[in-house]
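> sequence and computational prediction follow.
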Amino acid sequence: EAGVTQFPSHSVIEKGQTVTLRCDPISGHDNLYWYRRVMGKEIKFLLHFVKESKQDESGMPNNRFLAERTGGTYSTLKVQPAELEDSGVYFCASSPSGGNTIYFGEGSWLTVV
Amino acid sequence: AQTVTQSQPEMSVQEAETVTLSCTYDTSESDYYLFWYKQPPSRQMILVIRQEAYKQQNATENRFSVNFQKAAKSFSLKISDSQLGDAAMYFCAYRRRGSQGNLIFGKGTKLSVKP
């Protein structure tokens, strides 16, 4: 069974540009989460989808970040316009309904120059 | 606010030896979960072990065990008979019961295993 997959694995963009990260959760997992780790800091929760609905978006840093999960399958996280401080690793994770274990992807490394 | 602290940025252990990674947390909640995640280089972060706060018995998974001290808010991970494949970043995490995916992580401990 495929795990959580993320694309791209690495991305280097210029300040002011737009980047879209994609996450494919484990098939059948209703819950999908985005986290990020800025260099030298803790991994921080961004938001949580249950199917296509945003259950909790309390961790989203500002309105330059837009997450979607149309159809309740894969999710995208768009950063527009990107700033230098957005550099870091963006993790996607998923879990089944009622499950306590969260499964993570390998992360998407974003570098804004 | 809940916080998780891992005081050891890096640790090193000799192959076949035992190592303990420290984690402390701060919360006013009484019902929560604690986790240790492992992320090998360029690999997925995987769950190593999980502890429910209401359980007094320390969780164990093969060579991995925890020392859960609820009153002291301490949750250390012991790796016995260390193997080269144990080299990774280890993250301690907390989740309040009912908060679903809002995990709170420590900064991580980078573990090196020497042959």
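Received, thanks.
> for the spatially most central residue of chain A, list the residues it contacts.
By CA atoms, centre = their mean, chain A has its centre lying nearest to residue A:34, at 3.5 Å. Contact analysis of residue A:34 by CB atoms under 8 Å, 6 or more residues apart in numbering or on different chains lists A:23, A:46-47, A:67, A:75, A:77, A:90-93. To be clear about C-beta, it is placed using only N, CA and C from the backbone, and glycine gets the same treatment.
> could you rerun that using 7 Å?
Neighbouring residues of residue A:34 by CB atoms under 7 Å, 6 or more residues apart in numbering or on different chains: A:46-47, A:67, A:77, A:90, A:92.
> grab the nearest non-local neighbour of it.
The shortest distance from residue A:34 to any non-neighbouring residue, by CB to CB, 6 or more residues apart in numbering or on different chains, is to residue A:46 (4.1 Å).
> how far out from the middle of the chain is the host helix or strand of that neighbour?
Per DSSP states H and E: residue A:46 is located in strand A:43-50. For strand A:43-50, the gap between its own C-alpha mean and the chain's C-alpha mean amounts to 8 Å (CA atoms, centre = their mean, to the nearest Å).
> contacts for stretch A:36-45 next, please.
With contacts defined as CB under 7 Å, 6+ apart, stretch A:36-45 is touched by A:35, A:46, A:59, A:87-91, B:91, B:101-103, B:105-107.
> closest to residue B:33 among these?
Nearest to residue B:33 among the contacts of stretch A:36-45 is residue B:103, at 8.9 Å by CB to CB.
> in the chain, what spans have low per-residue confidence?
Chain wasn't specified; assuming chain A. Low-confidence segments of chain A (pLDDT under 70): A:1.
> could you list the contact residues of it toward chain B?
A:3, A:31, A:33, A:41-43, A:45, A:48, A:55-56, A:91, A:93, A:95, A:100-102, A:104-106 (CB under 7 Å from any CB of the partner chain).
> neighbours around residue 97, how many?
Defaulting to chain A. When counting by other CB atoms under 10 Å in any protein chain shown, one arrives at 10 neighbours for residue A:97.
> to clarify, I was referring to chain B.
Residues near residue B:97, counting by other CB under 10 Å: 14.
> so it touches residue B:34, yeah?
No - with contact defined as CB atoms under 7 Å, residue B:97 does not count as touching residue B:34 (11.3 Å).
> quick one, strands of chain A?
A:5-7, A:10-13, A:19-24, A:31-37, A:43-50, A:53-56, A:65-68, A:75-79, A:88-95, A:103-104, A:108-112 (DSSP state E).
> make that chain B, sorry
Assigned by DSSP E, the strands in chain B fall at B:3-5, B:10-14, B:19-21, B:24-26, B:32-39, B:46-52, B:60-61, B:64-69, B:74-79, B:88-96, B:104-105, B:109-114.
> and of those, who's closest to chain A?
When the strands of chain B are compared by CB to the nearest CB, strand B:104-105 sits nearest chain A, at 4.1 Å.
> show me what that closest one pairs with in its sheet, parallel or antiparallel.
strand B:88-96 (antiparallel) (DSSP bridges).
> still on that earlier bit, so the residue nearest to residue A:34 touches residue A:62, yeah?
No - if you go by CB under 7 Å, residue A:46 and residue A:62 don't touch, sitting 11.2 Å apart.
> so between the two, which is more surrounded?
Neighbours were counted for residue A:46 and for residue A:62 using other CB under 10 Å; residue A:46 has more, 21 against 8.
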